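J.: model this:
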Amino acid sequence: MKILLKIAFLLVYVTANVQAQVPEIPYESVPNFLRTTPDRNFGEVLGVTVNSQGHILVLNHPGNANYGPIWAGTTTELWEYDGNGNFLREVGKGVYGLAYAHQVVYDQDDNLWVVDKASNSIMQFDPEGYVVMNLGRREEGYHGDVVLPHPSEAVARGGYLGGPTAIGWDSEGNMYVSDGYVNSRVVKFDAHGNFLKDWGSYGSEPGQFNLPHALLIDNEDNIYVADRNNARIQVFDTDGNLKNIITIDVPYPADYQPVFDAINPDRRSGLALQPWAMCITDTVPQYIFVADPEPGRIYKMTTDGTVMGWLGSAGRQLGQFNWAHGLSCPTDEEIFVADMNNWRVQKLILGE
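T.: Residues are numbered from 1 along each chain as shown. Now for the predicted structure:
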């Protein structure tokens, strides 16, 4: 009995010590920051990005999802707001490649890039809202009831994409795509959209992927890939050489209750958490923010993977998250969160 008590004490001590080393970050969520009209309610919100003018672009899925059959509807809409949260316009209305998009991101020239996992396309919109480039290809015609292959059986082919999830750029303008729900790889294109190379395969070994779900690139051209179902972030150079593997092992709160049934019940023992969304600040030094689906938190990290702090919890109230699916962090004091299952975008102001 004494031995069991000592083990229990040590477990409590270790957990408390880890939590003490990773502090909670104070923050507030701005109420009702994005304003439209009652006929423009959000559906699922998967992505959010901010351009150099402070305009906020929301990847939203209200669309025609209320017209059946529900699986057949193309639902993506792109809504742009000014820096004060006032609605400006819808971008890309009726564009052929918009079906069920997964990520939006502005580049350094305020071009908007939309990654659509359903149409297997990545579209570049110029600042005026015109499509100027498309990567991948939306299949045409009738295919019956399409059954997608398991990622272990998928065959990736050059610039053809299979469930892409995110895009980023290196200092020379080359593009990198996490490709994604069907394929298990990173694809590299040059600045003109020409296929250069790819790397990765389905699996859990270093350099393999099990749903690469987000991607970003720092100022040193390090490529960070959120290897979601392997519960890790893998870091590569621009040739695809593995440089680092980052895991987040901040323990679950003792009183944690999932919003839905737990999707990762084996993770509650303090093992690594799943990275679903990432963003990187344009600061010196740069910081990376990473969101997990449960216990519903956002983590602030250095570029070497050191967790500096965490914030948030799972739930439906203001300041809580129900699958944070997209992040944008113009600074390390301000984060926009695509709060997917709460059908909203939250603007967070971080404290000291």
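J.: dump the residue contacts of the residue most central in space within the chain.
T.: Among the residues of the chain, the one closest to the centroid is A277, at 2.8 Å (CA atoms, centre = their mean). A277 makes contact with 213-214, 226, 290-291, 324-327, 338, according to CB atoms under 8 Å, 6 or more residues apart in numbering. Glycine gets a C-beta too; all of them are placed from N, C-alpha and C.
J.: One more: Y202?
T.: Contact partners of Y202, counting by CB under 8 Å, 6+ apart, are 151-152, 154, 184, 208-210.
J.: What separation is there between it and R40?
T.: 40 Å (CB to CB, to the nearest Å).
J.: I233 in helix, strand or coil?
T.: Using DSSP: H, G, I helix; E, B strand; the rest coil, the structure places I233 in strand.
J.: Could you find the closest non-adjacent residue to it?
T.: Once flanking residues are discounted, I233 sits nearest to I246: 4.2 Å by CB to CB, 6 or more residues apart in numbering.
J.: what sits against the one you found?
T.: By CB under 8 Å, 6+ apart, the contact set of I246 is 224, 232-235, 301, 305.
J.: Same list (those) but as CSV, adding neighbour count, pLDDT and distance to L273.
T.: Shown next, in CSV, are those (neighbours: other CB atoms under 10 Å; pLDDT from 0 to 100; distance: CB to CB, whole Å):
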residue, neighbour count, pLDDT, distance to L273
Y224, 27, 98, 16
R232, 23, 96, 10
I233, 25, 98, 11
Q234, 22, 98, 15
V235, 19, 98, 17
M301, 21, 97, 12
G305, 17, 97, 13
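J.: returning to that earlier point: which of the contacts of A277 lies at the shortest distance from F33?
T.: Minimum distance to F33 across those is 13.1 Å, recorded for A338 (CB to CB).
J.: And for the closest residue to N341 other than its chain neighbours, the neighbour number?
T.: The shortest distance from N341 to any non-neighbouring residue, by CB to CB, 6+ apart, is to N322 (3.9 Å). N322: 20 surrounding residues under other CB atoms under 10 Å.
J.: show me the residues around N322 that make contact.
T.: Per CB under 8 Å, 6+ apart, neighbours of N322: 259, 296, 314-316, 339-342.
J.: what about the strands in the stretch 101-250 of the chain?
T.: Shown for the stretch 101-250 of the chain, the strands assigned by DSSP state E, counting those that start in this stretch span residues 101-106, 112-116, 121-125, 131-136, 164-169, 175-179, 185-189, 195-199, 212-217, 223-227, 232-236, 242-246.
J.: between the second one and strand 212-217, how big is the angle?
T.: For strand 112-116 and strand 212-217, the angle between their directions (axes from the mean of the first three to the mean of the last three CA atoms, to 10 degrees) works out to 160 degrees.
J.: Mark which of the contacts of N322 are buried, thanks.
T.: Buried by 16 or more other CB atoms under 10 Å: 259, 296, 314, 339-342, out of the contacts of N322.
J.: Contact partners for Q234?
T.: Shown in contact with Q234 (CB under 8 Å, 6+ apart): 206-207, 209, 224-225, 227, 242, 244-246.
J.: again, 6 Å this time
T.: Q234 sits next to 225, 227, 245 when contact means CB atoms under 6 Å, 6 or more residues apart in numbering.
J.: how far away is it from Q317?
T.: Going from Q234 to Q317 by CB to CB gives 34 Å.
J.: again with T75
T.: Separation of T75 from Q317 (CB to CB): 26 Å.
J.: quick one, which of these two is more surrounded?
T.: Set T75 next to Q317 and count neighbours by other CB under 10 Å: T75 wins out with 20 against 10.
J.: G173 versus the residue nearest to P23 when sequence neighbours are not counted, what's the distance?
T.: The shortest distance from P23 to any non-neighbouring residue, by CB to CB, 6+ apart, is to G309 (4.9 Å). Distance of G309 to G173, given as CB to CB: 34 Å.
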